[in-house]
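Participant: Quick one: sequence plus predicted model below, questions after.
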Amino acid sequence: MDEETPPIGLPQSLSKRSLAIAGLSTLVEWYDFTLYLYLATLLSRIFYGGGAAGVGHVLAGFAIAYLMRPLGAIVFGHIGDRHGRRPTMLLSMALMSAAMLATALLPTQAQAGATAGWLLLALRCVMAFSVGGEYTGVVAYLLEGAPPGRRGLITSLASAASEVGGLLAVALSALTVALLDEAALADWGWRIPFLVGAGLAALILLARSRIEESPDFLAQRARGSIPAQPLRLSLHAYRPAIGRGFAISALGSITYYVGIVYVPSFLIGTGRMGEADALTLSTLAALVVILVTPLVGALSDRVGRRPVLVALALAGVALPALLFALMAQGSTLGGALVGAILLAALGGAVSAVGAVTTAEQFPGEGRLSGLAFGATSATALFGGLTPYLSHQLTQVSGWASAPGWLIAIVALGVLPVFLRLPESTPRRMH
């Protein structure tokens, strides 16, 4: 969607320093996400008494908290549309830092009984609430601050940085588990990764305090066009854009959460890999995403968002079911490796072009609120629920390719939307 030129005297793009700080700072979100899931078994013993029921409580807490993301996106979206992108990014990171620090200081079940588990759930909800506004705020900031011809590349940094956060969480968790015995882990060792995460978030908050405001928001302020009620504006004026954003994020979420996040559990559950090999594969998948996202973001700057999304949707229809079958039935680990790498590449590619395209569906006025209704709601639905649904379908039916067919159904469903998608790459809009 085209946007007005900023008034004379206002910057049209942000400094490289501000863009780098914003782009790299999403690593905290995925550091926490990966840390919580990686330590799920340990946390279940500390807060819920262990066993299958304890693990179930930890994972259920994750799912419940995930539903707070759309609410956080709406609240932070209103703040960002009314008061600026910078305050939104500062507030969301401050909440994330506080939530991780409080988690590290929680009493255990042995110290506080069932209250400990409820406190952990409450802090997961605070974390998810803040994350809901974090990613959309960063994507909007990068889009509005990037040179027009490099928006795809610059915005894709948010996706790449998320994977860096995941890798940091895996590395620190593995090191902590390897160096400490079980008693030390249960007593105090589990707190170390959360303390490190809180410190990392605090450092990023300090760096963010020195970044500039988005040129787009400064232009709105100069024009006097800041919406008084951005939520109402989005729902009344941007309904088609919200629908397009929902479709883009639906494909991005299911290819990522089923095609990447769920794959290690799938391989362990089908007996193709042990936990150590699955962790290695997860690390490799993260590296693939880090490499793919900037390449696809830059490609969308050259050829346009629509053709890239259409090609990825077609790949989403054709490949995932075959790749899941290959991973489950291959005669060697090579089949699992090939399947996981290609699924990671698909998920990373959709995330890269999807982030910038979704944000470009909205003008600056009300952009964050529009993203909250479209992108974040789709992520909650297709990201929070589909890994569980994939697991249940595979277990009940015994059909190894079922998760791939879920991706294919969503890809086929959004393909007509992509074919009619207005081209939003600046140099190709006219």
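Facilitator: Looks like it arrived, so ask away. Residues are numbered from 1 along each chain as shown.
Participant: tell me, which helix in the chain spans the most residues?
Facilitator: helix 114-145 (DSSP state H).
Participant: average model confidence for it?
Facilitator: Regarding helix 114-145, the rounded mean pLDDT is 90.
Participant: Next secondary structure after that helix?
Facilitator: Where DSSP states H and E defines the elements, the next helix or strand beyond helix 114-145 is helix 151-179.
Participant: what about that next one, distance to the chain center?
Facilitator: Put simply, helix 151-179 sits 11 Å off its chain's centre (CA atoms, centre = their mean, to the nearest Å).
Participant: Only the buried residues of it, if you could.
Facilitator: For helix 151-179, a neighbour-count test (16 or more other CB atoms under 10 Å) marks 151-170, 172-173, 176-177 as buried. (Each C-beta comes from the backbone N, C-alpha and C, glycine too.)
Participant: can you map out the helices along the stretch 301-430 of the chain?
Facilitator: Along the stretch 301-430 of the chain, counting by DSSP state H, counting those that start in this stretch, helices occupy 305-318, 320-329, 333-360, 367-371, 377-384, 386-397, 402-419.
Participant: Ile21 is nearest to which of the ones you listed?
Facilitator: Ile21 lies closest to helix 333-360 among these, at 17.4 Å (CB to CB).
Participant: Check which helix or strand the residue found closest to Leu157 once you drop the neighbours it is linked to in the chain maps to.
Facilitator: Among residues not flanking Leu157 along the chain, Gly23 sits closest, at 3.3 Å (CB to CB, 6 or more residues apart in numbering). Using DSSP H and E, Gly23 maps to helix 16-24.
Participant: picking up where we left off before, could you dump the helices of the stretch 301-430 of the chain to a markdown table with distance to Gly51, mean neighbour count and mean pLDDT?
Facilitator: Below are these laid out as a markdown table (distance: least, CB to CB, whole Å; neighbours: other CB atoms under 10 Å; pLDDT from 0 to 100):
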| stretch | distance to Gly51 | mean neighbour count | mean pLDDT |
| --- | --- | --- | --- |
| helix 305-318 | 38 | 20 | 96 |
| helix 320-329 | 28 | 22 | 90 |
| helix 333-360 | 29 | 25 | 90 |
| helix 367-371 | 40 | 31 | 91 |
| helix 377-384 | 24 | 22 | 84 |
| helix 386-397 | 19 | 16 | 81 |
| helix 402-419 | 27 | 20 | 95 |
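Participant: out of these, which comes closest to Ala247?
Facilitator: Closest approach to Ala247 among these (CB to CB): helix 402-419, 4.2 Å.
Participant: what's the angle from the closest one to helix 305-318?
Facilitator: With axes from the mean of the first three to the mean of the last three CA atoms, to 10 degrees defining the directions, helix 402-419 sits at 150 degrees from helix 305-318.
Participant: same for helix 402-419, what does it pack against?
Facilitator: Secondary-structure packing of helix 402-419 (3 or more CB pairs under 8 Å, 6 or more residues apart in numbering; DSSP states H and E): helix 239-256, helix 305-318, helix 320-329, helix 386-397.
Participant: for the helix or strand following the longest one, what is the average pLDDT?
Facilitator: Elements were assigned by DSSP H and E; along the chain past helix 239-256, the next helix or strand is helix 263-269. Averaging pLDDT along helix 263-269 yields 80.
Participant: And the contacts of the helix or strand containing Asp32?
Facilitator: Following DSSP H and E, one finds Asp32 within helix 27-38. For helix 27-38, contacts defined as CB atoms under 8 Å, 6 or more residues apart in numbering pick out 43, 58, 62, 93, 96, 100, 124, 127, 131, 134-135, 161-166, 168-170, 172-173, 193-194, 197, 200-201, 204.
Participant: In PDB, please show the C-alpha coordinates belonging to that helix.
Facilitator: Output of helix 27-38 as PDB, limited to C-alpha atoms (Å, rounded to 0.1, in the frame of the first residue of the first chain):
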ATOM      1  CA  LEU A  27      15.900 -12.700  19.800                       C
ATOM      2  CA  VAL A  28      14.600 -12.300  23.400                       C
ATOM      3  CA  GLU A  29      11.100 -13.500  22.400                       C
ATOM      4  CA  TRP A  30      12.400 -16.800  21.000                       C
ATOM      5  CA  TYR A  31      15.000 -17.200  23.600                       C
ATOM      6  CA  ASP A  32      12.300 -17.400  26.200                       C
ATOM      7  CA  PHE A  33      10.000 -19.500  24.000                       C
ATOM      8  CA  THR A  34      12.700 -22.100  23.300                       C
ATOM      9  CA  LEU A  35      13.900 -22.100  26.900                       C
ATOM     10  CA  TYR A  36      10.500 -22.800  28.300                       C
ATOM     11  CA  LEU A  37       9.900 -25.700  25.900                       C
ATOM     12  CA  TYR A  38      13.400 -27.100  26.200                       C
END
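Participant: between that helix and helix 114-145, how big is the angle?
Facilitator: Going by the same axes, to 10 degrees, helix 27-38 makes 150 degrees with helix 114-145.
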